[in-house]
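S.K.: this one's sequence-less:
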C-alpha cells in the first residue's frame with residue numbers, strides 16, 4: 001500500500017462516515033451512547049458532546065462530526081499532496097494533519113454556532129390550563145369542537161369540549177380549565193369573568 005492509497009482510504013472513510021452520521025442524525029436514529037449530532041424536522045439543531053473536553057454549551061471538540069471531518073480533510077489533503085506535489089512524506093503527513101485539524105475546527109465552530117442558538121424548553125411555556133382562545137368549530141352538547149389559542153408566538157389548535165357538557169358556539173372566547181388525553185376542557189370566558197367580579 002502506498003501513501004496515496006492510505007490517504008485515499010482515509011478520505012473515503014471520513015467522507016462516508018460523515019454522510020452516515022449526518023443521515024442517522026437527521027433521521028434521529030442513534031446507535032450506542034457515543035457522541036452524536038442531529039438536526040431537522042423543524043425542531044432546531046441539537047448538538048451533544050459526550051467526550052472529555054466538553055464546554056458549558058455541551059459541545060465537545062471530540063465528537064463524531066469533527067472526527068469524521070478530520071479524517072476526510074486529512075485524507076483528501078494527503079492524497080493531493082502525495083499525488084501532485086514533490087513534498088517529502090513526513091512534510092506531506094504534517095501538512096495533511098494540519099488540513100485535518102482545520103477541517104475539524106471548522107466543523108466544531110459550526111457546531112458551536114448551532115449550540116449557541118438553542119434555548120432550553122421551559123414546561124411553563126407550554127402549560128395549557130388557563131390559556132384563553134376562541135372556538136374555531138362549534139362544540140355540540142356532549143361533543144367535541146376545536147379551539148385556537150396563542151402559545152409561544154404561534155397559533156395553536158386543539159380539540160375542545162365543554163367542561164360542563166353544554167354546547168358552545170363557534171367564535172366564543174373560552175378558557176382551558178383542564179387538559180386530558182389531547183382534549184382541552186373549556187369554559188366560556190364571560191362566564192368566568194362574571195364569577196370573579
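M.R.: Yep, it's here. In this text, all values refer to a predicted model and were calculated from it rather than measured experimentally. Residues are numbered from 1 along each chain as shown.
S.K.: how does this structure divide into domains?
M.R.: 3-117, 124-196 (automatic domain parsing).
S.K.: could you tell me the least trusted of those?
M.R.: Lowest mean pLDDT within these: domain 3-117, a mean of 74.
S.K.: all strands for the chain, in order.
M.R.: 36-39, 45-48, 132-137, 144-151, 154-162, 173-180, 183-188 (DSSP state E).
S.K.: quick one: those strands as TSV, columns for mean neighbour count and distance to residue 110 too.
M.R.: For every residue, glycine as well, the C-beta is placed using N, CA and C. As requested, the strands of the chain are exported to TSV (neighbours: other C-beta atoms under 10 Å; distance: least, C-beta to C-beta, whole Å):
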stretch	mean neighbour count	distance to residue 110
strand 36-39	19	10
strand 45-48	19	10
strand 132-137	18	40
strand 144-151	18	31
strand 154-162	16	28
strand 173-180	17	39
strand 183-188	21	41
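S.K.: residue 72: which of those is closest?
M.R.: strand 36-39 (15.0 Å; C-beta to C-beta).
S.K.: check contacts around the closest residue to residue 95 other than its chain neighbours.
M.R.: Closest residue in space to residue 95, ignoring its immediate chain neighbours: residue 81 at 5.9 Å, by C-beta to C-beta, 6 or more residues apart in numbering. Counting by C-beta atoms under 8 Å, 6 or more residues apart in numbering, residue 81 makes contact with 7, 87, 92, 95-96.
S.K.: let me know the closest of those to residue 24.
M.R.: residue 7 (25.8 Å).
S.K.: residues near the closest residue in space to the closest one that isn't next to it in sequence, how many?
M.R.: Nearest non-adjacent residue to residue 7, counting by C-beta to C-beta, 6+ apart: residue 78, 3.3 Å away. Residue 78 is flanked by 25 other residues according to other C-beta atoms under 10 Å.
S.K.: before we move on, what about the one 5 residues further on?
M.R.: As a burial measure, residue 83 scores 13 neighbours (other C-beta under 10 Å).
S.K.: the nearest residue to it once chain neighbours are set aside and residue 76, how far apart?
M.R.: Leaving aside its sequence neighbours, residue 83 sits nearest to residue 4 (C-beta to C-beta, 6+ apart; 5.2 Å). Using C-beta to C-beta, to the nearest Å, residue 4 is found at 11 Å from residue 76.
S.K.: off-centre distance for the longest helix anywhere in the chain?
M.R.: As assigned by DSSP state H, the longest helix anywhere in the chain is helix 89-117. Remark: helix 89-117 is offset 23 Å from the chain centroid, using C-alpha atoms, centre = their mean, to the nearest Å.
S.K.: what is that helix packed up against?
M.R.: helix 3-26, strand 45-48, helix 64-84 (3 or more C-beta pairs under 8 Å, 6 or more residues apart in numbering; DSSP states H and E).
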